[in-house]
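1. build me a model from this:
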Amino acid sequence: MSIYVELEAADFLGHMFNACSLDQVNEFIPERRGFRIHGHSTTIRLERVFWTVLEDMAERTGVPLPHLVGRIHDQCLVANDKNIASCLRVICMKYMNIYA
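-> Residues are numbered from 1 along each chain as shown. Next comes the predicted model:
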């Protein structure tokens, strides 16, 4: 099924989907990356757009991506037990709302 759908002109989702280039469509594709957090190996699966935001955050803070993921893990899992992918998505959204 294509993400290019016909929707009413006032529908912002229709506008966003119709404005997607082929490169932007790739942002929806999930990607797995492996990390070691406190000596434990873990694999995190996120859509590419979230990895792009996390890479930007790491660059902006001057830390490697694994260090950033570890720091988010330590701070966020207090509120969200054992779901690092959800924590990362929420942090990305907050970052985009505040700093983008």
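2. any idea how far residue 48 is from residue 25?
-> Distance, residue 25 to residue 48, using CB to CB, to the nearest Å: 10 Å. In this view, the C-beta of every residue, glycine as well, is placed from N, C-alpha and C.
3. so what's the residue most central in space within the chain up against?
-> Centroid-nearest residue in the chain, with CA atoms, centre = their mean: residue 50, separated by 1.8 Å. Counting by CB atoms under 8 Å, 6 or more residues apart in numbering, residue 50 touches 88-89, 92.
4. now with 6 Å, please.
-> 89, 92 (CB atoms under 6 Å, 6 or more residues apart in numbering).
5. now name the helix or strand holding it.
-> helix 48-61 (DSSP states H and E).
6. ok, which stretches of the chain are helices?
-> Assigned by DSSP state H, the chain shows helices spanning 12-18, 22-25, 48-61, 65-76, 84-99.
7. could you dump those helices to TSV with distance to residue 34 and mean pLDDT?
-> Converted to TSV, the helices of the chain look like this (distance: least, CB to CB, whole Å; pLDDT from 0 to 100):
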stretch	distance to residue 34	mean pLDDT
helix 12-18	31	69
helix 22-25	25	74
helix 48-61	13	96
helix 65-76	9	93
helix 84-99	12	92
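8. of the ones you listed, which approaches residue 35 most closely?
-> Residue 35 sits nearest to helix 65-76 of all the helices of the chain, at 5.2 Å, using CB to CB.
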